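**Student:** Just to be clear, the model below is a prediction. Sequence and coordinates:
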Amino acid sequence: MESTPPFLRGLLSSLLVAVIFALFARTWVVQVFQIPSSSMEPGLRAGDHVVVNKFIYGPTRWSWEKEWLPLRSPRRGDVVEFKFPQGTERRFVKRCVGLPKDRIEIVDKVLLVDDERQAEEAYVEHQDERIYTRSLILDDGFRKRDNFGPILVPAGQYFLLGDNRDESYDSRFWGLVPGAYFKGRPVAVLWAWGGSGAAEDQQGQAQAKKIPRLVR
């Protein structure tokens, strides 16, 4: 190393610092995530690449951390990336609609939180005009889609739904998500892509479409 020219040592040092910073940022701060399905349409489409803030829901050890650092608990309406709760490493993106202690119910496609109708028109889409009843002769995939609950969200758990409400595989079918499974909050669309997404909802190809740069 002593025989290495000073400018080369400086370049190698700069590259090393850049790699360390990139690895730190990817692990703890931001990461690019590809939307796997059409469950968040129309705002996010299958194949879109979004920037995820991985820092916002970070665990804390002392009270001063939330006062001095840009950390906070999940809020109703947040779009979140999370680990699928049924024992796999798959990542999903859904909207958080139910917080701990909330009473959640869906009546004829209408979301109620503590018996209050939620104003979701700005981001929720219903592609199927049919409304399935609570009839026990229906398969859960139909019955729970349009009429669900009521349930009380326990401490440390969250209820999540896709914005493409009639075509989303979410908490109506696989249950609540522990807050510890939250990996971050998508904050911006890096670029839109018109290819097909993989398939938790088994949807076909999604066409590219101009969408807002920031995730609502």
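**Tutor:** All right, it came through fine.

**Student:** Tell me which stretches of the chain form strands.
**Tutor:** With DSSP state E, the ranges of strands along the chain come out as 30-34, 49-53, 79-83, 91-98, 103-107, 110-113, 116-117, 148-152, 157-161, 177-178, 182-191.

**Student:** Mean neighbour count added to these, as TSV?
**Tutor:** For every residue, glycine as well, the C-beta is placed using N, CA and C. Converted to TSV, the strands of the chain look like this (neighbours: other C-beta atoms under 10 Å):
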stretch	mean neighbour count
strand 30-34	16
strand 49-53	20
strand 79-83	21
strand 91-98	23
strand 103-107	17
strand 110-113	17
strand 116-117	10
strand 148-152	16
strand 157-161	24
strand 177-178	19
strand 182-191	18
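
**Student:** Those: lowest mean pLDDT?
**Tutor:** Least confident of these, judged by mean pLDDT, is strand 30-34 with a mean of 74.

**Student:** so what strands line up beside that one?
**Tutor:** strand 49-53 (antiparallel) (DSSP bridges).

**Student:** Okay, angle between the partner strand and strand 182-191 too, please.
**Tutor:** 140 degrees (axes from the mean of the first three to the mean of the last three C-alpha atoms, to 10 degrees).

**Student:** before we move on, back to that, residue 169: which of the strands of the chain is closest?
**Tutor:** Nearest to residue 169, of all the strands of the chain, is strand 91-98, at 8.4 Å by C-beta to C-beta.

**Student:** any chance of the strands of the chain in TSV, plus distance to residue 167?
**Tutor:** What follows is the strands of the chain, written out as TSV (distance: least, C-beta to C-beta, whole Å):
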stretch	distance to residue 167
strand 30-34	18
strand 49-53	19
strand 79-83	17
strand 91-98	13
strand 103-107	15
strand 110-113	16
strand 116-117	22
strand 148-152	16
strand 157-161	11
strand 177-178	19
strand 182-191	19
